[in-house]
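J.: Sequence and computational prediction follow.
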Amino acid sequence: MPVTLRAFTCGWFQSPLTFFLGGEDKRIVRSPIPAYLIEHPQGRALFDTGLGYRFRRPIEERLGPDATGFEFDESADIAARLRAIDVDPASIRWIINSHFHADHCGGNASIPNATIIVQTRERAAAAAQAGSKLYDRADFDLGHPVLEITGEHDLFGGGSVTIIPTYGHTVGHQSVKVKLPGGDVVLAADCCYLKQSLDNLRTSPSDADADAALETLRRLAALREKGTRIFYGHDEAFWKTLPTSGEPIR
Ligand SMILES: [Zn+2]
């Protein structure tokens, strides 16, 4: 079955490079906050939903080059991005959340009719740590139906959209493999922040489980070796190679 994939920027954040790679390089890097729309004859799914409304700032409040924090204006939430291409947020059937950190599920609030698909262990970790810096119930616990899965899950049958476990960044992180006309892609999210993370098999100090994170990077590197395109989680240079105004990705 044919699948269409589209990418959206649902905010930006700026942080020292050390946040992603550890080490000494404290240069401030600017990172996109991605969300993806996957359309299949059986329904529409989002992979991640970006930031929630509480992070909104007026469009004039751009971050200076050395500032850290979020940049998220009223055009950048997932509902606005969908409406801009004439997709009704209420028509989304599934939300696949890579994990329950704020920059990945904050937009769940504006997708009213979706069922959320999450790894059982991620949901448990988020519930256990709710109210900490990492997890906020305002993002992930809004009454949507939830489909908990463990490991791989073929969303529509037929292998066109497969959720794959990519533990390490969080205990229950997951990614999605999509079969496109141009070949397979893996929407990695935070198990592989940057191209550099994969090139050098560099985990992040922010990973919950460094061993699992490294094992995940090795699996992704093997996939990339065989021709799968990896869509890095927060890599500005990579992001600029994608269409982000609603055109399908080939
Ligand atoms: Zn993230």
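T.: Cool, got the structure.
J.: mind checking the end-to-end distance for stretch 59-71?
T.: Using Cα to Cα, to the nearest Å, one end of stretch 59-71 lies 9 Å from the other.
J.: What residues of that stretch count as buried?
T.: Residues of stretch 59-71 classed as buried by neighbour count (16 or more other Cβ atoms under 10 Å): L63, F70, E71. C-beta coordinates here come from the backbone N, C-alpha and C atoms, glycine included.
J.: same deal with stretch 103-119?
T.: Quick answer for stretch 103-119 (16+ other Cβ under 10 Å): 103-111, 114, 116-119.
J.: and of the buried residues of stretch 59-71, the nearest to the ion?
T.: F70 (11.2 Å; Cβ to the ion).
J.: got JSON lines for the buried residues of stretch 59-71, with pLDDT and secondary structure too?
T.: Formatted as JSON lines, the buried residues of stretch 59-71 follow (pLDDT from 0 to 100; DSSP: H, G, I helix; E, B strand; the rest coil):
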{"residue": "L63", "pLDDT": "91", "secondary structure": "coil"}
{"residue": "F70", "pLDDT": "94", "secondary structure": "strand"}
{"residue": "E71", "pLDDT": "94", "secondary structure": "strand"}
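J.: Mind checking which of the buried residues of stretch 103-119 are in strands?
T.: I116, I117, V118, Q119 (DSSP state E).
J.: can I get those residues in TSV with pLDDT and distance to L37?
T.: Below are those laid out as TSV (pLDDT from 0 to 100; distance: Cβ to Cβ, whole Å):
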residue	pLDDT	distance to L37
I116	98	16
I117	98	15
V118	98	18
Q119	98	21
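J.: Any chance of TSV for these, columns distance to F156?
T.: Shown next, in TSV, are those (distance: Cβ to Cβ, whole Å):
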residue	distance to F156
I116	17
I117	12
V118	18
Q119	19
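J.: Which pair in the buried residues of stretch 103-119 has the greatest spatial separation?
T.: The largest separation in these, counting by Cβ to Cβ, is between S110 and Q119 at 22.9 Å.
J.: Out of the buried residues of stretch 103-119, which are close to the ion?
T.: D103 (Cβ under 5 Å from the ion).
J.: From S15, how far out is E39?
T.: Here E39 is placed at a distance of 32 Å from S15 (Cβ to Cβ, to the nearest Å).
J.: before we move on, what about G233?
T.: 13 Å.
J.: who has more neighbours, the two?
T.: When G233 and S15 are compared for neighbours, G233 comes out ahead with 28 against 17, by other Cβ atoms under 10 Å.
J.: Contacts only, for that one.
T.: G233 is in contact with P34, S98, A188, A189, D190, C191, C192, Y193, L194, counting by Cβ atoms under 8 Å, 6 or more residues apart in numbering.
J.: which of those has the most neighbours?
T.: C191 (32 neighbours).
J.: Tell me the spacing between the nearest residue to that residue once chain neighbours are set aside and L37.
T.: Of all residues not flanking C191 in the chain, T166 sits nearest, at 3.9 Å (Cβ to Cβ, 6 or more residues apart in numbering). Noted for T166: a distance of 20 Å to L37, by Cβ to Cβ.
J.: Mind giving me the packing neighbours of the helix of greatest length in the chain?
T.: Ordering each helix of the chain by length in residues (DSSP state H) puts helix 210-225 first. Where contact means 3 or more Cβ pairs under 8 Å, 6 or more residues apart in numbering; DSSP states H and E, helix 210-225 is packed against strand 183-189, helix 195-199, strand 229-232.
J.: Quick one: the strands in this protein, in order.
T.: Counting by DSSP E, one finds strands in the chain at the ranges 4-16, 28-40, 43-47, 69-71, 92-96, 115-119, 146-149, 153-154, 161-165, 174-180, 183-189, 229-232.
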